[in-house]
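A.B. asks: what follows is a predicted structure for the sequence shown.
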Amino acid sequence: MTMSDQPVHLSASGPPETIIPNITPELRLRLDTALAAPIDDRRRAVCDVVADHPTFLEGWATIGDLSEPGIDAYMAYRVGYHRGLDTLRANSWRGSGYVRWARESNRGFLRCLGGLAKQSRLIGEISEAVRCEQFLLQLDPSGEASK
């Protein structure tokens, strides 16, 4: 293994923090209305909201939560995770730094990442599960997002 002779510059404040923008009150109302639907219609109602707003990370996380454990939930969380990476990049995230659970607007993405970790483990994708679990702790070392 070769060591770099290039210096690493650390700031006193630590890694940068990225905060995903808040959703609109109208979108919050639509999600809340969908979640108030009868249990047999709830997942479909949330899917309708997300179909109209495909970058809505909390919506993808909620679809995952309402899906059958295994591949169905895995698919929803995975789409939300990738949409979340796009959203983070659009908000100045460059592949490192914090995305903290304490920021409510970050929770949809973090829920997708946590759900992806759990469902990956469930379907036997252990290496993916471990990567997701490690990434979650890198993004928010408090561990709040892992609960």
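C.D. replies: Thanks, I have it. Numbering: from 1, shown residues only.
A.B. asks: find me the pLDDT at the residue lying closest to Trp60 once chain neighbours are set aside, would you?
C.D. replies: Closest residue to Trp60 apart from its sequence neighbours, by CB to CB, 6 or more residues apart in numbering: Gly80 at 2.8 Å. All C-beta atoms are positioned from the backbone trio N, CA, C, and that covers glycine. Looking at Gly80, its pLDDT is 98.
A.B. asks: and if you look at the one 5 residues further on?
C.D. replies: With respect to pLDDT, Leu85 scores 98.
A.B. asks: swap in Ser146?
C.D. replies: At Ser146, pLDDT is 80.
A.B. asks: again with Gly143
C.D. replies: The per-residue pLDDT reported for Gly143 equals 86.
A.B. asks: the nearest residue to it once chain neighbours are set aside: neighbouring residues, count only.
C.D. replies: Ranked by CB to CB, 6+ apart and with sequence neighbours excluded, the top spatial neighbour of Gly143 is Leu137, at 6.8 Å. Neighbours of Leu137 under the rule other CB atoms under 10 Å: 13.
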